[in-house]
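Chemist: coords below, sequence missing:
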């Protein structure tokens, strides 16, 4: 995939490329439905405080473990909290956490890969060997070890995931920088006296950014899924927090009260599926062999 | 490139990675502000000067960090991963006990994954842009989008609690004893001991967790199979095969699929190592006494010897499986052999 991305950046400016791609993407029904679901979740997250019928943290033991009914559309949990309100508020925790992991991870990866590709030589060797080392570690095990060291909470879970998330971006961007830095406009910028890091960050990296953005879009679904998984294991959000993965894990102890785990589970699945629809469309678009046939 | 040279290059690549993994685990465990003595020794041993002195000497704690690392590495090479604080057993022994359960589960999972994944991928590619293709694509996206732990819960509710098709969590029913330890894989050990009842129970308990893991990886395998097969189907030699009058079935199974399988093998290898390392979630739901659950327990109780030992072993398995895939590549892809 990387090579087709590279050729796209090389052949046309990335602004044109983005405009064409968006047009083409919007013709794909899966992409459009994915975008609608993502937009819906963003809106729900923003207006959660207005439309949630109950306080997501308010306990009411009199109605604990109520099955879904007119008053509690998604039922209540073991402390009598409204599952519907908690799922709504959960959009404010899980979705931003997943996006934060990808955004921070891709920025770090871009910087590492950019510096490695630009400086070359020993720097390149050293940085890339370190990157490969991080890639050799299985994601969830590394995240487990890091959260064990830092202590379980949302911020630390995000840190742990960022640590495992940046390497693919470093590799991608390094490859692109190696190509772009030999272009004539880079030589031109240097010849008028721009110094090293100005050239790298103002001239080279902006011309490498599109593929990294695409990889990030493909990645958000997985990041949300992994974050929810860490929370499910109790290594992310604390038990009272309306975090989707955490809600599912509490629901396990109340196995036959299916509404406790099914609704937050469906929330995760719908959001991840939406991002994967979007990503799938992007992938089809980027693979010219797929487009032809 | 000769096989020896290829092998040598792959091994030379793996050694620094392995060293790096141990260094990495060492740095993480030492980045914790906690005192290694209070973190590693049980409460009862903390008053005993002799135990503390022995512990210091064993791990070189009175030495500078780089010597400590070398001591750790030396102990590691002798199979000494330290002693778990939680189980009080040597970590290596614990891992030997829990790892087979994970291997058994991951293997059943990958078998399901390959069967469904390749079948779906082939169906989807052959009947491209038909209803079957769309169904398979949506199913495979669902497979990778649904959290494994939710899939497991749905499976337990429907297949176990409602329909009683499969037994509940655990490796064996409460009434059955573990088969005598030979490989640690219950399916094999029970057969070796002639305990068919145990074999039947162990097998039935592998179905649901294996299916859950299999569905998860089959999504990825199906996608790669589909796109790779589509690529091959459009190549000239496929037209030649059809032109010389071969039946469609022969062209697909005999000519297209073998050539399409190269990227699929990579993905299967990656998925298998992911299943081995990432079964934490499934194992915790199915009360599966595997390495993932062991690691998880260690991480919630700050059991650093177990976390370090576990992550090193898992990372080595991960590297090992990928190494095997690289070697397989040599045999599957003639371009590597002839390059």
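Modeler: All right, it came through fine. From a predicted model like this one, the values you see are computed outputs, not experimental measurements.
Chemist: Show me where chain A dips below the pLDDT cut-off.
Modeler: By pLDDT under 70, the weakly predicted segments of chain A are A:1-14, A:286-293.
Chemist: Go through it and flag its longest helix.
Modeler: Looking across chain A with DSSP state H, the single longest helix is helix A:259-286.
Chemist: So is it next to chain B?
Modeler: Yes - contact of helix A:259-286 with chain B (Cβ under 8 Å from any Cβ of the partner chain) involves A:261, A:262, A:265, A:266, A:268, A:269, A:272, A:273, A:276, A:277, A:280. Backbone N, C-alpha and C define where each C-beta goes, glycine included.
Chemist: Could you check how far whatever residue of the stretch 1-150 of chain B ends up closest to chain A is from residue A:195?
Modeler: Closest to chain A within the stretch 1-150 of chain B is residue B:150: 3.3 Å, counting by Cβ to the nearest Cβ. Per Cβ to Cβ, to the nearest Å, residue B:150 is found 52 Å from residue A:195.
Chemist: Tell me which of the two has more neighbours.
Modeler: Ranked by neighbour count (other Cβ atoms under 10 Å in any protein chain shown), residue B:150 and residue A:195 place residue B:150 first, with 26 against 8.
Chemist: if we can go back for a sec, so how far is the longest helix of chain A from its chain's centroid?
Modeler: Remark: helix A:259-286 is offset 12 Å from the chain centroid, using Cα atoms, centre = their mean, to the nearest Å.
Chemist: Helix A:259-286 and the host helix or strand of residue A:18, what's the angle between them?
Modeler: Assigned by DSSP states H and E, residue A:18 belongs to helix A:14-25. Angle of helix A:14-25 versus helix A:259-286, following axes from the mean of the first three to the mean of the last three Cα atoms, to 10 degrees, is 120 degrees.
Chemist: Pull out the buried residues from the helix or strand following helix A:14-25.
Modeler: Sequence-wise, the next helix or strand downstream of helix A:14-25 (DSSP H and E) is helix A:29-51. Using 16 or more other Cβ atoms under 10 Å in any protein chain shown as the test for burial, helix A:29-51 gives A:30, A:31, A:34, A:35, A:37, A:38, A:41, A:44, A:45, A:48.
Chemist: of all those, which comes closest to chain B?
Modeler: Distance to chain B across the buried residues of helix A:29-51 (Cβ to the nearest Cβ) is lowest for residue A:30, with 8.2 Å.
Chemist: residue contacts, that closest one?
Modeler: Residues in contact with residue A:30, defined by Cβ atoms under 8 Å, 6 or more residues apart in numbering or on different chains, are A:277, A:280, A:281.
Chemist: Dump the residues you listed to a markdown table, plus neighbour count.
Modeler: As requested, these are exported to a markdown table (neighbours: other Cβ atoms under 10 Å in any protein chain shown):
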| residue | neighbour count |
| --- | --- |
| A:277 | 25 |
| A:280 | 21 |
| A:281 | 23 |
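Chemist: Please enumerate residues in contact with the strand or helix carrying residue A:132?
Modeler: Element membership of residue A:132, judged by DSSP H and E, is helix A:121-136. The contact list for helix A:121-136, computed with Cβ under 8 Å, 6+ apart, reads A:112-113, A:115-117, A:142, A:163-164, A:166-168, A:170-171, A:174, B:16-17, B:20-21, B:24, B:315, B:318-319.
Chemist: Could you rerun that using 6 Å?
Modeler: By Cβ atoms under 6 Å, 6 or more residues apart in numbering or on different chains, the residues outside helix A:121-136 that reach it are A:112, A:116, A:167, A:170, B:17, B:20, B:319.
Chemist: Any idea how many residues pack against the nearest residue to residue A:45 once chain neighbours are set aside?
Modeler: In this structure, residue A:45 finds its nearest non-sequential neighbour in residue A:91, 3.8 Å apart by Cβ to Cβ, 6 or more residues apart in numbering or on different chains. By the measure other Cβ under 10 Å, the count of residues near residue A:91 is 21.
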